[in-house]
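[1] make a model of this:
(one chain, ligands or ions: 1)
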Amino acid sequence: MQLNQNRYHIQGVDVLEMAEEFGLPLYVYDADKIIEKIGTLQSAFSGVQLKIKYAAKALTNVSILKLMRSRGIDVEVVSINEIRLALLAGFDPDQIMYTPSGVAFTEIEDALALGVRLNVDSLPLLEWIGQHYGNRKPVGIRINPHIAEGGNVKIQTGHVDSKFGISIEQRNQIRAIVEQYSIPVIGLHIHTGSDFKNADAFLKGAEVLFELASDYPNLQFLDFGSGFKVAYREGDHSTDIVDLGRKVTTAFQNFCQHYGRELELWFEPGKFLVSESGVLLVHVNVVKENPTRTFVGVDSGLNHLIRPMMYDAYHEILNVSNPTGEKQTYSVVGYICETDTLGWDRSLNQVRPGDVLALKNAGAYGFSMSSNYNSRFRPAEVLVYEGKPYLIRRRETFEDLMRNQIEIDFEEEITVKNN
Ligand SMILES: *Cc1c(COP(=O)(O)O)cnc(C)c1O
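    Numbering: from 1, shown residues only. Reported below is the predicted structural model:
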């Protein structure tokens, strides 16, 4: 195939052709990128018994879950519906690690009935597990190590005022409950939030678990959660996985020797595995020259990609339909009636109405955080696998918006219509 070098391709498939075939706005994921990331992680941690539990909430499409499963990856979930999706994707219950935070105990009961594994996030839940299951349910315990790491405060989870996990300062209370009911503790978990800065910061959290492990002689794994930082633009700092692998492997091997047994080392990456694989393709509706700047209005917004507004996230933007146009400065904004800037003061190849822009790094927390705000449809999703684009989610329709709404007619006598 003759590729036009100026065009943006994913595995040889021109994104403009996908825009044509599937319509806009459109999420497109590159399976090769996901597979490459899995490989990077596996080789960086080849010196330990590594288990990767993909954090499904980052990108929850059932076909993505199936892709993960086909590559030997397990799954980490945070809700009963993510459990149902993972089961639908063919995961065995014991490949599913459920790490709920503040959910109803009835939901946890349902989850355990399905046979999944559980990380316990609070002392009351631990007590409840003891009362309901005695010594019959092996659990992991989520610890809050009180280490402030990570980027935006909204994604920090390990600091002292974070709602997540059981405080390391309650170590004795955890142990008292565990002993009272003989709860089998098979794992310890930390997830200190997204975007930790370097291996040393990560190791501080690991040390907390190594120390705590001496309370629990029957452990099978230590689960270090996630928080791998991904580069969103040129020059951005990202987690050096090779360096992390080397340092964590050494520390973990030392720990295992000390502990007396080789345990499994778990990670639960979401963003790291899928962020770079995704682009959001959007259509330019209007180019508006205001006195101070030029706005590009696109057929998308915070309803499809909320990260720029919610986390001040930077997503690189490319004009894929005019890749050789002269560079100019634009602010790219959405069509939502709310400020929804997707990119401020960006240098883009000349943008004209009808152009197609690509927002990069849109694989993680893109579609999965999308909504119907402004009664807009959520986009379709396409996965490019072995050089072929597959539609993995249809674009919504007006029927989808109305599906659960119940109309009441208030004229004359009241009538209730069920569609
Ligand atoms: C969200 C989450 C992850 C994944 O975090 P990323 O930053 O996307 O890698 C892992 N573990 C738990 C418990 C989570 O809630």
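
[2] count the neighbours of the residue in the stretch 151-300 of the chain positioned nearest to the ligand for me.
    The ligand sits closest to Gly270 of the stretch 151-300 of the chain, with a gap of 2.7 Å, by Cβ to the nearest ligand atom. Where you see a C-beta, it was placed from the backbone N, CA and C, and this is true even at glycine. Number of residues near Gly270 (other Cβ atoms under 10 Å) recorded here: 24.

[3] pretty sure it contacts Lys57?
    Yes: when contacts are counted by Cβ atoms under 8 Å, Gly270 is listed as touching Lys57 (6.3 Å).

[4] which residues are in contact with both of those two?
    Tyr365 (Cβ atoms under 8 Å, 6 or more residues apart in numbering).

[5] quick check: bridge partners of the nearest residue to Thr99 once chain neighbours are set aside?
    Excluding the flanking residues, the one nearest Thr99 by Cβ to Cβ, 6 or more residues apart in numbering is Asn119, at 4.2 Å. Beta-bridge pairing for Asn119 (DSSP bridges): Gly140.

[6] OK, contacts around Asn119?
    Asn119 makes contact with 97-100, 139-142, 187, 189, 223, according to Cβ under 8 Å, 6+ apart.

[7] from those, which land in strands?
    Among these, the ones falling in strands (DSSP state E) are 97-98, 139-142, 187, 189, 223.

[8] want to throw those into CSV with pLDDT?
    Below are the ones in strands among the contacts of Asn119 laid out as CSV (pLDDT from 0 to 100):
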residue, pLDDT
Met97, 98
Tyr98, 98
Val139, 98
Gly140, 98
Ile141, 98
Arg142, 97
Gly187, 98
His189, 97
Asp223, 97
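
[9] now, which of those residues sits nearest Arg376?
    Comparing the ones in strands among the contacts of Asn119 against Arg376 with Cβ to Cβ places Tyr98 closest, at 32.1 Å.

[10] wait, Gly115 touches Pro93, no?
    Yes: judged on Cβ under 8 Å, Gly115 makes contact with Pro93 at a distance of 3.2 Å.

[11] any idea how many residues pack against the residue nearest to Asp243 when sequence neighbours are not counted?
    Closest residue in space to Asp243, ignoring its immediate chain neighbours: Ala199 at 5.3 Å, by Cβ to Cβ, 6+ apart. Close neighbours of Ala199, defined as other Cβ under 10 Å, add up to 19.

[12] next: Leu219.
    Number of residues near Leu219 (other Cβ under 10 Å) recorded here: 20.

[13] tell me the residues of the protein that contact the ligand?
    Contact residues, the chain versus the ligand (Cβ under 6 Å from any ligand atom): 55, 57-58, 76, 78, 99, 191, 194, 225-228, 268-272, 364.

[14] which of the residues you listed fall in helices?
    271-272 (DSSP state H).

[15] neighbour-wise, which of Gly115 and Pro93 wins?
    Taking neighbours as other Cβ under 10 Å, Gly115 and Pro93 compare with Pro93 leading, 16 against 12.

[16] give the contact list for the more buried one.
    Applying Cβ under 8 Å, 6+ apart, we find Pro93 in contact with 87, 114-117.

[17] what's the longest strand in this structure?
    In the chain, assigned by DSSP E, the strand with the most residues is strand 278-289.

[18] tell me which residues of that one are tucked away?
    By 16 or more other Cβ atoms under 10 Å, the buried positions in strand 278-289 come out as 278-284, 287.

[19] point out where the stretch 251-400 of the chain drops to low pLDDT.
    Within the stretch 251-400 of the chain, not a single segment meets pLDDT under 70.

[20] that one: strands as residue ranges?
    264-267, 278-289, 294-298, 317-319, 327-333, 341-349, 356-359, 380-385, 388-393 (DSSP state E, counting those that start in this stretch).

[21] pull up the pairing partners for the fourth one, direction included.
    According to DSSP bridges, the neighbouring strands of strand 317-319, each with its direction, are strand 356-359 (antiparallel).

[22] in three-state terms, label the residue lying farthest from the centre of the chain for me.
    Outermost residue of the chain with respect to the C-alpha centroid, by Cα atoms, centre = their mean, is Glu412; its distance is 50.0 Å. Recorded secondary structure, Glu412: coil (DSSP: H, G, I helix; E, B strand; the rest coil).

[23] look up how far Ile406 lies from it.
    18 Å (Cβ to Cβ, to the nearest Å).

[24] over to Val286?
    With distances taken as Cβ to Cβ, Val286 is found 36 Å from Ile406.

[25] buried residues, the longest helix along the chain. List them.
    Assignment by DSSP H gives helix 241-259 as the longest helix of the chain. Residues of helix 241-259 classed as buried by neighbour count (16+ other Cβ under 10 Å): 241, 244-245, 247-249, 251-252, 255-256, 259.

[26] can you count the residues close to the closest residue to Val208 other than its chain neighbours?
    Counting by Cβ to Cβ, 6+ apart, Pro145 is the residue found nearest to Val208 once chain neighbours are left out, at 4.0 Å. When neighbours are counted by other Cβ under 10 Å, Pro145 registers 22.

[27] list the contacts for Pro145?
    By Cβ under 8 Å, 6+ apart, the residues touching Pro145 are 158, 165, 168, 190, 192, 204-205, 208-209.

[28] confidence score at the nearest residue to His258 once chain neighbours are set aside?
    Leaving aside its chain neighbours, His258 sits nearest to Phe210 (7.8 Å; criterion: Cβ to Cβ, 6+ apart). At Phe210, the model reports a pLDDT of 97.

[29] between helix 241-259 and the helix or strand hosting Phe210, find me the angle.
    Taking DSSP states H and E as the definition, Phe210 sits inside helix 199-212. Here the directions of helix 199-212 and helix 241-259 differ by 20 degrees (axes from the mean of the first three to the mean of the last three Cα atoms, to 10 degrees).

[30] tell me which residue of the stretch 301-419 of the chain lies closest to the ligand.
    Ala364 (5.8 Å).

[31] phi, psi of that residue?
    Per-residue torsions, Ala364: phi -100, psi 130 (degrees, to the nearest 10).

[32] for it, give me its contacts.
    58-59, 230, 270-271, 273-275, 278.
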